[in-house]
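Peer 1: Sharing a sequence plus its predicted fold:
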Amino acid sequence: MNDQFLRDYYKFPNQRSIRKVEEKLQLNREKHKTNRTMLTLKPMAIVILVIVLISALLLVSPVVRAQVNEWMQQIGGVFILETNEYPGMGSPVQTLPYERYNLVEVENELPFALGLPQWIPDEFELVPLVKVTRFDEIAISAYIDWKTPSDSIFSLIIQHRLDGENWGLVVGEGSVQEHLVNGEPAALILGGWNADTQMWDDNLEVITLSWYHDGQLYTLQGINEDVSVDKLIKIAESIQ
């Protein structure tokens, strides 16, 4: 599978899509009939890592954290919402532009240091340019890619919140497992959102590992043909 073209740009849902997800979270919470203060989410962004295979990242306000377990789980600081509702359903998305830098230049463009893996499969070929995306004054992300023998792309995504808030994942129901990276919890997600069917698809064979490292959200993403869970964790544990 040649998915290089899938990685050439990234998209964000519009504000209508964001409100729909917020409304769903509110409805989920109301089912518990609590007398606590109404939950409010700050404006959030759902990051589409590829066009067809989507990993949605939900920005969570700190006021939610005390009550978040009513409708979310948390793995190692990453908030996770499991849902059958496609994030952004019925609404268009907008293209998020990116900039390219080599590994030397990018260090001067980012407000954080890049932690790179010290171990990577020998057959993976590093793409020399790093893609950087910026979402208003909220977040900045760096994408480091490797070409694989299957003619696919293996990626390390490092995401930094400029406003100090936490990231989260919007994923399909039953798709999350908890693993350890250097003794710390990490979220392993199997499958991905299919933009054509607007459903979570376990048959896409996408494998994603997300965890916090040095204050940033680190995500490794590839396909089962290229990397096993054990290798994915080995790569993650080699990051310095």
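Peer 2: Right, received. Where do you want to start?

Peer 1: all contacts plus neighbour counts: C-alpha atoms, from now on.
Peer 2: Noted.

Peer 1: Averaged over its residues, which helix or strand of the protein has the lowest pLDDT?
Peer 2: strand 53-54 (a mean of 30; mean pLDDT, DSSP states H and E).

Peer 1: Can you show me the helices along this protein?
Peer 2: Under the criterion DSSP state H, helices of the chain are mapped to 15-30, 229-237.

Peer 1: any residues touching the last one, and which ones?
Peer 2: The reference is to helix 229-237. Around helix 229-237, the neighbours that count as contacts under C-alpha atoms under 8 Å, 6 or more residues apart in numbering are 117, 118, 119, 120, 180, 181, 182, 207, 209, 220.

Peer 1: ok, the first one to residue 74 distance?
Peer 2: Yep, that's residue 117 we're talking about. Using C-alpha to C-alpha, to the nearest Å, we find residue 117 at a distance of 25 Å from residue 74.

Peer 1: again with the last one
Peer 2: Between residue 220 and residue 74 the distance, using C-alpha to C-alpha, works out to 18 Å.

Peer 1: likewise the fourth one?
Peer 2: Spatial separation of residue 120 from residue 74 under the definition C-alpha to C-alpha is 28 Å.

Peer 1: just for this structure, where's the confidence low?
Peer 2: For the chain, applying pLDDT under 70 flags the ranges 1-71, 88-95.

Peer 1: Try it again at 50.
Peer 2: 1-71 (pLDDT under 50).

Peer 1: which residues does the residue lying closest to residue 158 once chain neighbours are set aside contact?
Peer 2: With C-alpha to C-alpha, 6 or more residues apart in numbering as the criterion, residue 158 has its nearest non-adjacent residue at 4.7 Å, and that residue is residue 218. Contacts for residue 218 (C-alpha under 8 Å, 6+ apart) come out as 156, 157, 158, 159, 210, 211, 212.

Peer 1: go on, residue 175?
Peer 2: Contact analysis of residue 175 by C-alpha under 8 Å, 6+ apart lists 82, 189, 190, 191, 202.

Peer 1: Bridging across strands, which residues link to the second one?
Peer 2: For residue 189, the beta-bridge partners are residue 176, residue 208 (DSSP bridges).

Peer 1: That one touches residue 209, doesn't it?
Peer 2: Yes: in this structure, residue 189 is within contact of residue 209 by C-alpha atoms under 8 Å, at 6.3 Å.

Peer 1: circling back to that earlier point, now for the contacts of helix 229-237, which sits with the most neighbours around it?
Peer 2: Neighbour tally across these (other C-alpha atoms under 10 Å): the maximum, 24 neighbours, falls on residue 209.

Peer 1: Among the contacts of residue 218, which one lies nearest to residue 149?
Peer 2: For the contacts of residue 218, the residue nearest residue 149 by C-alpha to C-alpha is residue 156; the value is 17.1 Å.

Peer 1: Around the closest one, how many other residues sit close by?
Peer 2: Around residue 156 there are 23 residues (other C-alpha under 10 Å).

Peer 1: got a list of what the residue lying closest to it once chain neighbours are set aside touches?
Peer 2: In this structure, residue 156 finds its nearest non-sequential neighbour in residue 220, 4.7 Å apart by C-alpha to C-alpha, 6+ apart. For residue 220, the contact set (C-alpha under 8 Å, 6+ apart) comprises 154, 155, 156, 157, 208, 209, 210, 232, 236.
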